[in-house]
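**Student:** Using only what follows, build the 3D model:
(one chain, ligands or ions: 1)
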Amino acid sequence: MTAAWADWDHVLKVDPDKGLQEGETFEDVCRTGTDAIEVGGTLDVTRDKMGRVIDACKRYDVPLYQEPSNPAVVVDHEALAGYLVPVVMNAGDVSWITGAHKEWVRIDTIDWNRTHTEAYIVMNPEASVAQLTDADCEQSADDVAAYARVAERMFGQEIVYVEYSGTYGDPEKLAAAADALDDATLFYGGGVHDYETAREMGQYADVVVVGDLLHDEGVDAVRETVEGAGDASVATTK
Ligand code: 1GP
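**Tutor:** Sure, this is the predicted structure:
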């Protein structure tokens, strides 16, 4: 079976702890043209806040995924297409590699058909995710390529996610990850804020993830990034 994300170019990450721009609704958010919405955030996320975003988006025709940052915020909601669970390859704290996952599996009944992992390589030391996971972000292009290969070849990961959350990353490092992968789908997230940045990172990544822009600038800006990622996908042979 082909993975859902095989055809995606763009994902919009909605942080349930952050608001929308004045006058914008979740209907607008769902109509940006993004291929999927991931609901998730690193800090101050609760089941209630998660559930509110899922409820507000569920009637529109865009697949909804939860990206839980810990077992306590996992929402069991029939509108979810699935769960995309981060595993942080370069975490210093092993909780974020297997610990939180083990706890979740211990306390919950997992719907394995809808549960998938994302192998994160966290690259921005200022980001909450880097601090929380104690990630070692000092990674050269060769290191990033090696982590990508470890994720795909040793750990069988289907999604490798180069994460610069909050800042625009180094395209050469992303290109190195792209070159290293055979079959895994490469996600890129961090600082994508317009057509050009989405198109640039979309040359290397299969899927461009946009987060803060929705909350900081709104749906029109997001729509530009959808176009940039889409055009990059058409222009390359990824
Ligand atoms: C965050 O990769 C996403 O997990 C997107 O990053 O918020 O910087 O767009 P930004």
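**Student:** What's the nearest residue in this structure when you look at the ligand?
**Tutor:** G189 (1.9 Å; C-beta to the nearest ligand atom). For every residue, glycine as well, the C-beta is placed using N, CA and C.
**Student:** Can you report how many residues neighbour that residue?
**Tutor:** 26 (other C-beta atoms under 10 Å).
**Student:** Any idea what it is bridged to?
**Tutor:** Beta-bridge partners recorded for G189 (DSSP bridges): E163, V209.
**Student:** Enumerate every residue touching the residue lying closest to A79 once chain neighbours are set aside.
**Tutor:** When the adjacent residues along the chain are set aside, A79 lies closest to K58, with 3.6 Å between them (C-beta to C-beta, 6 or more residues apart in numbering). Contacts for K58 were tallied using C-beta atoms under 8 Å, 6 or more residues apart in numbering; they are L64, H77, A79.
**Student:** possible to save those as TSV with pLDDT, secondary structure and neighbour count?
**Tutor:** Listed next are the contacts of K58 as TSV, based on pLDDT from 0 to 100; DSSP: H, G, I helix; E, B strand; the rest coil; neighbours: other C-beta atoms under 10 Å:
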residue	pLDDT	secondary structure	neighbour count
L64	98	strand	20
H77	93	coil	15
A79	96	coil	13
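**Student:** ok, residues contacting the longest helix seen in the chain?
**Tutor:** Of all the segments of type helix in the chain, defined by DSSP state H, the longest one is helix 219-235. Contact with helix 219-235 is made by 9-10, 12, 21, 24, 28-29, 31-34, 192-203, 206-208, 210, 213-214, as judged by C-beta under 8 Å, 6+ apart.
**Student:** hmm, back to that, which ones, among the contacts of K58, also lie beside the ligand?
**Tutor:** With C-beta under 6 Å from any ligand atom as the criterion, the contacts of K58 include none near the ligand.
**Student:** List buried residues within the contacts of helix 219-235.
**Tutor:** The neighbour-count criterion (16 or more other C-beta atoms under 10 Å) marks 9-10, 12, 24, 28-29, 32-34, 192-193, 195, 197-203, 206-208, 210, 213-214 among the contacts of helix 219-235 as buried.
**Student:** The ligand next: which of the residues you listed are close?
**Tutor:** Answer for the buried ones among the contacts of helix 219-235 near the ligand (C-beta under 6 Å from any ligand atom): V192, V210, L213.
**Student:** Can I get the residues you listed in JSON lines including pLDDT and distance to R149?
**Tutor:** As requested, these are exported to JSON lines (pLDDT from 0 to 100; distance: C-beta to C-beta, whole Å):
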{"residue": "V192", "pLDDT": "98", "distance to R149": "25"}
{"residue": "V210", "pLDDT": "98", "distance to R149": "26"}
{"residue": "L213", "pLDDT": "98", "distance to R149": "30"}
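**Student:** rewinding a little: among the buried ones among the contacts of helix 219-235, which are located in strands?
**Tutor:** H10, L12, V207, V208, V210 (DSSP state E).
**Student:** for these, which one is nearest K102?
**Tutor:** The nearest member of those to K102, counting by C-beta to C-beta, is V207 at 27.5 Å.
**Student:** how about the residues of this structure that lie near the ligand?
**Tutor:** Checking the chain against the ligand by C-beta under 6 Å from any ligand atom, the hits are 13, 163, 165-166, 189-192, 209-213.
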